[in-house]
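Undergrad: Pasted the sequence and its predicted model underneath.
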Amino acid sequence: MDENWNKNKLAGNSAEGIIEFLINSMPDWKCNKFGVETHINDIKNMVRKAVNPITTKIRKMPDDSNEFR
């Protein structure tokens, strides 16, 4: 892996953690993360609970890891 990528990833993760801490330390503020990687469990639960043509198709899709079953 590229050394610059590792440095940039470390700097980005550090900055994200600092900003999240600062936002959450405010009395009436809450930091909400966004992005697929942070909401995959929410998506899985939604697909399990909802019954409609889209979620039915998603449940029937092949999945080697069996995460949606």
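TA: Alright, I've got the coordinates.

Undergrad: elements contacting the helix or strand bottoming out on mean pLDDT in the chain?
TA: Taking mean pLDDT, DSSP states H and E as the measure, helix 36-49 is the helix or strand of the chain with the lowest mean score, a mean of 78. Helices and strands touching helix 36-49, by 3 or more Cβ pairs under 8 Å, 6 or more residues apart in numbering; DSSP states H and E, are helix 53-60. C-beta here means a position set from N, CA and C on the backbone, and glycine is covered the same way.

Undergrad: just checking, what packs against the helix it packs on?
TA: helix 36-49.

Undergrad: Just the CA atoms of the helix it packs on, as CSV, please.
TA: The C-alpha coordinates for helix 36-49 follow below in CSV (Å, rounded to 0.1, in the frame of the first residue of the first chain):
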residue,chain,number,x,y,z
VAL,A,36,-23.0,3.3,3.9
GLU,A,37,-20.3,1.9,6.1
THR,A,38,-21.8,3.5,9.2
HIS,A,39,-25.4,2.5,8.4
ILE,A,40,-25.1,-1.0,7.1
ASN,A,41,-26.8,-2.5,10.2
ASP,A,42,-29.7,0.0,9.8
ILE,A,43,-30.1,-1.0,6.2
LYS,A,44,-30.0,-4.7,7.0
ASN,A,45,-32.7,-4.3,9.7
MET,A,46,-34.8,-2.2,7.4
VAL,A,47,-34.6,-4.9,4.7
ARG,A,48,-35.5,-7.6,7.2
LYS,A,49,-38.6,-5.8,8.6
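
Undergrad: Right, I'll leave it there.
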